[in-house]
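Novice: using only what follows, build the 3D model:
(2 chains)
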Amino acid sequence: MPALAALASGFREAWADPAFRGELDALLRDYVGRPTPLYMARRLAAETGLAHVLLKREDLAHTGAHKVNNTLGQCLLAHRMGKRRVIAETGAGQHGVATATTAALLGLECSVFMGVEDIRRQALNVYKMRLLGAEVVPVSDGAGTLANAVTAALRHWVERVEDTFYVLGSALGPHPYPLIVRELQSVIGEEILQQLAERGMTVRDVDAVAACVGGGSNAIGTFHPFLREVPVGERPLLVGAEAGGEGVDTPRHGASMTRGEPGVLHGHYSYLLQDEAGNPLEAHSISAGLDYPGVGPEHAYLRDAGLVRYEPVTDAEALEAFALLCRTEGIIPAVESSHALALLPRLAEELGPRATVVVTVSGRGDKDIDVVREAGLGAD
Amino acid sequence: MPTDAAEARRAGGAGAPGGLRRGFPAGRAALVTYLMAGYPDRERSLAALRAAAAAGADVVEIGVPFSDPLADGPVIQQAAEEARRAAGGPFGLAETIALAAEFLGEEGCDGPPVALMTYLNPMLRLGLAETARRAVAAGVSGFIVPDMPFDAAGMWLEAAEGLDTVLLAAPTSTPERLARIGAESSGFVYCVSSLGVTGERSELSEELAGYVRRVKAATDLPVAVGFGVGTPDQACAVARVADGVVVGSAIVRLQEDAAAVAAFVGSLAEAVRGARQRCP
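Specialist: Residues are numbered from 1 along each chain as shown, chains lettered A, B, ... in the order given. Predicted coordinates for the structure are as follows:
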């Protein structure tokens, strides 16, 4: 608790400090490559039956995903708070790579906790982390996936709290993490609003904004500026896609908001997939990044308040959307992001052929090539 | 500042026949033993509980098997997994309360008071009021919930009438937090001896005495020290400065064999009882 209190005040002070914000903004521009483009995907729009589809290209950020926005901010904060060592957890490996990257940039020692099953599935990212100078710590508890890695990282942090900063990878965990991650990722939605204006569009020209939700960091970063700055009557429909796995009527999915019950895990109260005794269940998704039995607590609030709609997308639908973006636009998206892309045909049906939809492509799909090849894509 | 409700809870816990404070005798430190419910199976966990009580445990903590035990080290984590596997069906808080009822039924009111150690989510799942109702009916005296900081304990404390709620102090707790932990806790205050998870350590922190003094200054409840105490010598050293010594992983390690539990708890009890004279 004292560590969390110190983190909360450390972040509050840094966020109010123009020097900190200036350093972060300069690195986001020159190192990460922001702003990432808002790209008008004409062939994808035509294929999905929509007037316009705008892709927010987080896949073009350094390290290939939105994750770096968060790790850069947190590593700068660690540096400012006098910590010489950072730890992180990772599922798909994107957050681990992003943490290892920004730790290298700032000269911080870095250890990344990763489930043994994910180490097997994401060998390339494990190798990248090691090249970047990070230690990868295998976690063999439970299913050896993301939730176990989070538990192991939290336990380790408690032991080494004096010299170690925990770079948490999504908008979840104990306060202030959901707040910190939301603020750092809000750059996504802020740029979308600005880029719409630069195109001569207003927010009224957008009918829906979609993003995928595991823990929910890219989605909260996409949605929050719309919730904060756009009055309810003018706000587009905000939709989050969660992992439907093999279907929400099977035991193999990660749809905590569709099928979960309120519960506490890793220091936050939110929707949670759990058994009758209150043990968190193993989540399943074709995408390691959505393979978490809970969801960030602010998403639970936004759902209950009716401010954002959440829908499950199955593995099969995500693969179809993956293939569609590759063929129509020459962009290979992360399988996580493909869940958000899979909402496009549904939104076309609901909103009609004149509708404009913005989708956050949270990351690129290089890391998923083996998974989609095993699933049979591109075989013929 | 302690609230009226907190005062009433503490008064109730201290004086009620089921209160954990009953396990802290005057003039010497208490031995608090932690055992995992259902490990290695239900029958043998019950036998180990009986063995610990007969060998001199003053307070018995019963751990609830949980899949993501954030505060526990490998021994307790593996025991929890094994307990859930051995049950072949649900084995969580409800089953642990039933086990405690059976244990307490045999021990009667002369046996050591029982505290359940569980994480918050199993309590939320069963329902806070239902958890408290069943625990009181079983004769359980209190709860220790390592992932429930007192800032978030309000709903449970309201539901937990008639039960003690033991709050945890850490070496990093600020004086302000220690004051609130001391005021809001009931039964005893659990001092986490060092940073990190449960499990034996070769060296106990040298600053332990000073830390225990700081906690004792913040409360008039007994102060027990746990996390890392694994041998009679260590238990003896802790018993010289604290009102209670909690031993967990080192006992759970032996839980398959009730005779081994009896022998080990016996040696711990002897060390704790003799501590105020001298340590071996």
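
Novice: list phi and psi for the closest residue in space to A:Ala355 that isn't next to it in sequence.
Specialist: When the adjacent residues along the chain are set aside, A:Ala355 lies closest to A:Asp207, with 4.2 Å between them (CB to CB, 6 or more residues apart in numbering or on different chains). All C-beta spots, glycine's among them, are computed from the backbone N, C-alpha and C. Backbone torsions for A:Asp207, taken as degrees, to the nearest 10, come to phi -90, psi -30.

Novice: around chain B, pick out the residues from chain A.
Specialist: Applying CB under 8 Å from any CB of the partner chain, one finds that chain A approaches chain B through A:1-3, A:141-142, A:147-148, A:151, A:154-155, A:158-162, A:261-267, A:272, A:274-280.

Novice: 6 Å - rerun?
Specialist: Contacts of chain A with chain B, taken as CB under 6 Å from any CB of the partner chain, map to A:1-2, A:151, A:154-155, A:158-159, A:263-264, A:276-280.

Novice: quick check: the residue nearest to A:Ala355 touching A:Thr356?
Specialist: Yes: A:Asp207 lies in contact with A:Thr356 (CB atoms under 6 Å); the separation is 5.5 Å.

Novice: list only those of the residues of chain A next to chain B flagged as buried.
Specialist: When neighbours are counted using 16 or more other CB atoms under 10 Å in any protein chain shown, the residues of chain A next to chain B contain these buried positions: A:Met1, A:Thr151, A:Leu154, A:Arg155, A:Val158, A:Gly263, A:Val264, A:Ala277, A:Gly278, A:Asn279, A:Pro280.

Novice: and the residue nearest to A:Ala355, what is it in contact with?
Specialist: A:Pro236, A:Leu351, A:Ala355, A:Thr356 (CB atoms under 6 Å, 6 or more residues apart in numbering or on different chains).

Novice: what does B:Leu49 give?
Specialist: Under the criterion of CB under 6 Å, 6+ apart, the contact partners of B:Leu49 comprise B:Leu35, B:Phe103.

Novice: for it, give its distance to chain A.
Specialist: For B:Leu49, the distance to chain A under the criterion CB to the nearest CB, to the nearest Å works out to 20 Å.

Novice: low pLDDT regions in the chain?
Specialist: All of this refers to chain A. Per-residue confidence of chain A (counting by pLDDT under 70) places the weak regions at A:379-380.

Novice: ah, no, chain B please
Specialist: Judged by pLDDT under 70, chain B has its weakly predicted residues at B:1-18, B:108-109, B:195-198, B:200-206, B:278, B:280.

Novice: can you count the residues close to whichever residue of the stretch 51-200 of chain B sits closest to chain A?
Specialist: For the stretch 51-200 of chain B and chain A, the shortest gap (CB to the nearest CB) falls at B:Gly92, measuring 2.8 Å. Other residues near B:Gly92 come to 27 when the count uses other CB atoms under 10 Å in any protein chain shown.

Novice: of the contacts of A:Asp207, which is the nearest to chain B?
Specialist: Of all those, the one sitting nearest chain B is A:Pro236; the distance, using CB to the nearest CB, is 34.9 Å.

Novice: list the contacts of that closest one.
Specialist: The contact partners of A:Pro236, by CB under 6 Å, 6+ apart, come to A:Val206, A:Asp207, A:Ala208, A:Val209.

Novice: show me the two of those residues that sit farthest apart.
Specialist: For those, the farthest-apart pair by CB to CB is A:Asp207 and A:Val209; their separation is 8.8 Å.

Novice: hmm, back to that, and the contacts of A:Asp207, which of them are in strands?
Specialist: A:Thr356 (DSSP state E).

Novice: in chain A, which residue sits nearest chain B?
Specialist: Nearest to chain B in chain A, going by CB to the nearest CB, is A:Ala277, at a distance of 2.8 Å.

Novice: what sits closest to that residue if chain neighbours are left out?
Specialist: Beyond its immediate neighbours in the sequence, the residue positioned closest to A:Ala277 (CB to CB, 6+ apart) is B:Gly92, lying 2.8 Å away.

Novice: verify the stated contact: that neighbour with B:Asn121.
Specialist: No: proximity of B:Gly92 to B:Asn121 does not meet the contact threshold set by CB under 6 Å, at 9.7 Å.
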